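Novice: Generate coordinates for the sequence data below:
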Amino acid sequence: MKNHEDQTGEFSSQEASASRGLIWLVVACALVFGVYESLPRVARKIPWSLERKAFEHLPLFSARQECSASAESTALLQKVIARIHPLEASDREYPIHVTVIQGKEVNAFTFLAGQVFVYDGLLQQAESPEELAGVLAHEFEHVRRRHVTEGLIQRVLLTSLSQVMLPSSASGGIPGLLDAAVRLKFSRGQEEQADRGALERLKKGQVNVAGFRRFFSRKTGSPEFLSLLSDHPSDDSRLKLADSCLGSPSTPILSEAEWESLKGICATPPAE
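Specialist: Model prediction:
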């Protein structure tokens, strides 16, 4: 039997160990949150060339998943892009590359090195080139502001912390990083930044802002748009923001025939 003094000594040792563990946890969290506050500055310091190398080693889709676009449909897609990027000298400081991929998912997302992926499902749901331009302008702003880079740095920091504090629950590696990239959810603050920047971009490019509003108002509450909604949280503030920009000077992007041709960009089966 252990005497009372021995038991008291054990409890004191356990309490001291627990206290030290708690202190280290607080310190680790403080460091992480300190870095988190500086993420925008850190992300902007990362060279685009480094992101490009990372992208080349982290392929998201096989060649078969990319739509086998004809020269005509590719030119029409570029015609839409040209209305919203580049619009000023600073736009040439970051890369933009849009790829339409096979899939019924109504979604578009941004990855490293300015890569923007648009599912054919979204293209089919869009009712006008102005709606597509609105979605692209939103994604371009995520690229310009380095939101993806911020998100992945945050993911690496949190994963590293979990590996230190909870080794048994840690998971990740390259597959985890890719999954995080595809399913990356931006904060409401980042979404608002992207919305405001997109609307300014549309106005500068003389693209009818009503397309942006129609697309996002139609997706709200619609099961067909749940995938986009889950990655891009929204509320009435987005629509009110769009309302404030309605009536800006605009000219059509494509003719009806050109728009229908662009929507068939994935009609040709991918090459074997």
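Novice: Mind checking what helix or strand follows the lowest-mean-pLDDT helix or strand in the chain in sequence?
Specialist: When the helices and strands of the chain are scored by mean pLDDT, DSSP states H and E, helix 226-231 comes last with a mean of 46. As assigned by DSSP states H and E, the chain's next helix or strand after helix 226-231 is helix 236-243.
Novice: And that following helix, what's buried?
Specialist: Across helix 236-243, burial judged by 16 or more other CB atoms under 10 Å covers 238, 239, 241, 242. From N, CA and C alone the C-beta is placed, and that goes for glycine too.
Novice: Am I right that the third one is in contact with residue 200?
Specialist: No. Between residue 241 and residue 200 there is no contact, the gap being 10.7 Å when judged by CB atoms under 8 Å.
Novice: Quick one: low-confidence residue ranges for the stretch 1-150 of the chain.
Specialist: In the predicted model of the stretch 1-150 of the chain, residues 1-37, 59, 62-64 satisfy pLDDT under 70.
Novice: Mind doing that once more with 80?
Specialist: The stretch 1-150 of the chain contains residues with pLDDT under 80 at 1-39, 58-64.
Novice: for the stretch 151-272 of the chain, same thing?
Specialist: For the stretch 151-272 of the chain (pLDDT under 80), the answer is 154-185, 219-236, 268-272.
Novice: quick one: the helices in it?
Specialist: Remark: helices assigned in the stretch 151-272 of the chain by DSSP state H, counting those that start in this stretch are 173-182, 188-204, 210-219, 226-231, 236-243, 256-263.
Novice: Using CSV, lay out those together with distance to residue 97.
Specialist: CSV is the format used below for the helices of the stretch 151-272 of the chain (distance: least, CB to CB, whole Å):
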stretch, distance to residue 97
helix 173-182, 15
helix 188-204, 17
helix 210-219, 22
helix 226-231, 19
helix 236-243, 26
helix 256-263, 17
